[in-house]
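S.K.: one predicted model, sequence on top.
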Amino acid sequence: MPRPETGAMSFGDDWPGIFLRGDVAVGYGSTLSGVIQALRTGGELGVLTLLELEDLRDLLLSVDEHKEPEALQLRPIDDCTK
């Protein structure tokens, strides 16, 4: 059975959104926790943290309709929830 990967997906002709697999979401959440902690305490961000933030930024911006996103096309949401 195929599984969706993290990335842009669109139901029918609706705007695309982002799907995050659980393992990816936990990784981004951990990175964001570290960033919040560093901002609160005046700590520094490591290179790997910055790279992870750039990846998250790029993922979120990948659904920009002005840039013709490449989203996984799915059936309309009503067809998927029946």
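M.R.: Everything's here; your move. Residues are numbered from 1 along each chain as shown.

S.K.: what about residue 16, neighbour count?
M.R.: Residue 16 has 19 neighbouring residues, counting by other Cβ atoms under 10 Å. (Glycine included, C-beta is placed from N, CA and C.)

S.K.: can you show me the strands along this structure?
M.R.: Along the chain, counting by DSSP state E, strands occupy 7-11, 17-19, 72-74.

S.K.: give me whichever of these is most buried.
M.R.: Burial of those is given as mean neighbour count (mean count of other Cβ atoms under 10 Å); strand 7-11 ranks first at a mean of 18.

S.K.: helices or strands up against that one?
M.R.: strand 17-19, strand 72-74 (3 or more Cβ pairs under 8 Å, 6 or more residues apart in numbering; DSSP states H and E).

S.K.: CA atoms only: put it into PDB for me.
M.R.: Extracted in PDB, the C-alpha atoms of strand 7-11 (Å, rounded to 0.1, in the frame of the first residue of the first chain):
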ATOM      1  CA  GLY A   7       5.100  17.500   1.100                       C
ATOM      2  CA  ALA A   8       2.500  19.500  -0.700                       C
ATOM      3  CA  MET A   9      -0.800  17.900  -1.500                       C
ATOM      4  CA  SER A  10      -4.100  19.100  -2.900                       C
ATOM      5  CA  PHE A  11      -7.600  17.700  -2.700                       C
END
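
S.K.: mind listing what it pairs with, with the direction of each?
M.R.: Using DSSP bridges, strand 7-11 pairs in its sheet with strand 17-19 (antiparallel), strand 72-74 (parallel).
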